[in-house]
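Asks: what follows is a predicted structure for the sequence shown.
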Amino acid sequence: MRELAGRTAFVTGGAGGIGFALGRAFAQAGMKVMLADIESAALENALQALREFAPKVRGTVCDVADPASVELAAKASFEAFGNVHVVCNNAGVAAGGGIDHISLDNWRWVLDVNLMGVLHGISSFLPHMRAHGEGGHIVNTASMAGMNAGLGFSPYSASKFAVVAMSEGLAMQLKPHGIGVSVLCPSFVRTRIGESGRNRPGRYGPPQPLDPESPAAAMVAEIARRLEAGLDPAAVAGRVLAAIREDELYVFTHPGMRADVEERFAAILTAMDKVPAP
């Protein structure tokens with residue numbers, strides 16, 4: 001989908017981080033933009049920042065873990081702008097994992113947002129996109145954690161692996177319909193995902209504090225350090241726009257992660273080669 005000007009984009013997690021950067025990039029490309037986010041105050045601040053140069057920007061409060069909320073956000077988008085052409089299922093959260101403390105509430109929350117939130121976006125917008133027949137593109141935010149399980153046994157990695165698989169299958173089926181699919185797999189980016197607990201709904205219970213002496217606490221501290229020194233979200237948004245225009249499935253932002261992916265693929269191929277020929 002090379003021509004973006006005049007088209008409409010919908011972005012979840014749009015009040016900050018990668019989502020806000022995507023909204024800004026789309027607006028600068030001449031698109032109409034609907035930002036969706038669970039944080040109403042942050043959403044309003046984001047809208048004010050974009051309206052300084054992009055009048056065709058709107059916002060809607062949305063909890064992507066709730067399919068009814070996503071349906072309402074989709075309806076608000078159609079009412080505001082008509083046909084929607086680009087859907088970015090970007091909202092994401094992170095919570096502690098590991099083998100020392102397995103929290104079912106953490107797993108349910110992360111999977112509901114990171115995985116089911118993507119599905120809810122696809123379910124709410126794809127029938128509309130197929131019906132209007134003007135083409136389009138779906139961008140699902142995964143992570144390098146969806147390509148290599150370097151974070152260990154965690155709901156975050158599990159959710160992102162699932163988003164990669166979902167995107168690959170979706171791309172295959174939507175190609176004949178003129179709708180592209182990209183899966184975004186960044187490494188560390190300067191976002192507030194390390195503070196995800198600020199938006200944790202009460203239905204998932206309170207976050208469980210980590211033992212400050214545990215390996216999990218050390219990993220969280222290291223992740224926070226890397227996020228602070230991470231890539232500018234604007235650079236990620238630039239890669240996404242290029243991928244939409246070129247109809248690229250995989251969107252990577254950190255070439256230094258290639259070695260980690262190669263190590264995993266090499267291990268898979270080695271295991272396959274051990275299988276005796278029939």
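Replies: Okay, I see it.

Asks: in the helix or strand bottoming out on mean pLDDT in the chain, what's buried?
Replies: Sorting the helices and strands of the chain by mean pLDDT, DSSP states H and E puts helix 215-228 at the bottom, at a mean of 76. By neighbour count on 16 or more other Cβ atoms under 10 Å, the buried set for helix 215-228 is Ala216, Met219, Val220, Ile223, Leu227. Bear in mind the C-beta positions are built from the backbone N, C-alpha and C, glycine included.

Asks: Glu195 is in contact with the last one, correct?
Replies: Spelled out, that is Leu227. No - using Cβ atoms under 8 Å, Leu227 makes no contact with Glu195, being 9.7 Å away.

Asks: go ahead and name everything in contact with stretch 37-45.
Replies: The contact list for stretch 37-45 (Cβ atoms under 8 Å, 6 or more residues apart in numbering) reads 12-16, 19, 35-36, 46, 59, 61-64, 91, 198-199.

Asks: list buried residues within those residues.
Replies: 12-16, 19, 35-36, 46, 59, 61-64, 91, 199.

Asks: restricted to strands, list the residues you listed.
Replies: Thr12, Leu35, Ala36, Gly59, Val61 (DSSP state E).

Asks: which helices and strands sit right next to the longest helix seen in the chain?
Replies: Looking only at the chain and at elements set by DSSP state H, the helix with the highest residue count is helix 155-174. If you count contacts as 3 or more Cβ pairs under 8 Å, 6 or more residues apart in numbering; DSSP states H and E, helix 155-174 packs onto helix 104-111, helix 117-132, strand 136-141, strand 179-185.

Asks: list just the nearest of the buried residues of helix 215-228 to Ala162.
Replies: Using Cβ to Cβ, the shortest approach to Ala162 within the buried residues of helix 215-228 belongs to Ile223, at 20.3 Å.

Asks: give me every residue that touches the closest one.
Replies: Phe188, Gly194.

Asks: can you list the residues that contact stretch 73-88?
Replies: Outside stretch 73-88, the residues that reach it (Cβ under 8 Å, 6+ apart) are 1, 4, 7-12, 19, 22, 26, 31-32, 34, 36, 56, 58, 60, 62, 121-122, 124-125, 128-129, 132, 134-139, 141, 240, 244.

Asks: go again using 7 Å as the cut-off
Replies: The contact list for stretch 73-88 (Cβ atoms under 7 Å, 6 or more residues apart in numbering) reads 1, 7-12, 22, 32, 34, 36, 58, 60, 62, 121, 124-125, 128-129, 132, 134-139, 244.

Asks: now Trp109, nearest residue through space, not along the chain?
Replies: The shortest distance from Trp109 to any non-neighbouring residue, by Cβ to Cβ, 6 or more residues apart in numbering, is to Tyr204 (4.1 Å).

Asks: could you do Ala242 as well?
Replies: Glu248 (7.6 Å).

Asks: do Arg264 as well
Replies: Asn148 (5.2 Å).

Asks: would you confirm that the one you found contacts Arg258?
Replies: No - with contact defined as Cβ atoms under 7 Å, Asn148 does not count as touching Arg258 (10.4 Å).

Asks: so for these two, which residue has more residues nearby?
Replies: Asn148 (20 against 10; other Cβ atoms under 10 Å).

Asks: and the pLDDT for the more buried one?
Replies: Note on Asn148: pLDDT of 93.

Asks: that one belongs to a helix, doesn't it?
Replies: No - Asn148: not assigned to a helix; according to DSSP: H, G, I helix; E, B strand; the rest coil it is coil.
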